[in-house]
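> Make a model of this:
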Amino acid sequence: MKKRCSWCEQDELYRRYHDEEWGVPVYDDRKHFEFMVLESAQAGLSWLTILRKREAYRAAYAGFDPKVVAAFSEARIKELLQNPGLVRNEKKIRTSINNAQRFLEVQQEFGSFSNYLWAFVGHRPVVNAWRQEREIPAQTDLSVAISKDLKRRGFQFLGPVIIYSHLQATGLVNDHVVDCFRYREIINQEQHPVRRQDH
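Residues are numbered from 1 along each chain as shown. You can find the predicted model right below:
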């Protein structure tokens, strides 16, 4: 039986997300935007709840195309608020549109959002070496710095805790515990040199 991070063991959807996505380095802007939308929608809810709504978000958010989302109208916002597959919170929906607009600005400045974000870690994943999940922090100096910069650029609902979740999900940080089967697999799959973090 494969040893996994224990947080995913309660549900098959969670296990699949853990085994196939969580911690895998992401360089695709649309995938970064997807996680940004979903993570900002999560506030106050479990990530499993959001994963169950993911396909409804994908349909409603044009496959997470930031250009389309950035142009959502007031009529479209009203439609989204009636969609039972989404988190029907007006502030979160308006935030996702604002963040799409800011996302496009970052793309314009840096060539891609991925370039912007990976620059914070020197374009190399940070590989931690946690033995137990309780050691893993909710936020770090890195996530505080990124959150502060995003806020300066006009992004909303992306505090240090949400940003750290984003870094974990998109593989800028490998926070699988060391005896999880995915810990070593991801390191071996990644072609870029890793940056190890001592504790």
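
> Let me see the mean pLDDT of stretch 7-21.
Over the span of stretch 7-21, the pLDDT mean works out to 95.

> and for it, what are the contacting residues?
Applying Cβ atoms under 8 Å, 6 or more residues apart in numbering, the contact partners of stretch 7-21 are 4, 5, 22, 48, 51, 52, 133, 169, 182. For the C-beta atoms, the positions are set from N, CA and C on the backbone; glycine is no exception.

> With distance to residue 102 and secondary structure added, can I get these in JSON lines?
What follows is the contacts of stretch 7-21, written out as JSON lines (distance: Cβ to Cβ, whole Å; DSSP: H, G, I helix; E, B strand; the rest coil):
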{"residue": "4", "distance to residue 102": "35", "secondary structure": "coil"}
{"residue": "5", "distance to residue 102": "32", "secondary structure": "coil"}
{"residue": "22", "distance to residue 102": "25", "secondary structure": "coil"}
{"residue": "48", "distance to residue 102": "28", "secondary structure": "helix"}
{"residue": "51", "distance to residue 102": "25", "secondary structure": "helix"}
{"residue": "52", "distance to residue 102": "27", "secondary structure": "helix"}
{"residue": "133", "distance to residue 102": "32", "secondary structure": "helix"}
{"residue": "169", "distance to residue 102": "19", "secondary structure": "helix"}
{"residue": "182", "distance to residue 102": "32", "secondary structure": "helix"}
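
> want to throw the residues you listed into JSON lines with distance to residue 15?
Shown next, in JSON lines, are the contacts of stretch 7-21 (distance: Cβ to Cβ, whole Å):
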{"residue": "4", "distance to residue 15": "7"}
{"residue": "5", "distance to residue 15": "10"}
{"residue": "22", "distance to residue 15": "10"}
{"residue": "48", "distance to residue 15": "11"}
{"residue": "51", "distance to residue 15": "11"}
{"residue": "52", "distance to residue 15": "14"}
{"residue": "133", "distance to residue 15": "15"}
{"residue": "169", "distance to residue 15": "15"}
{"residue": "182", "distance to residue 15": "11"}
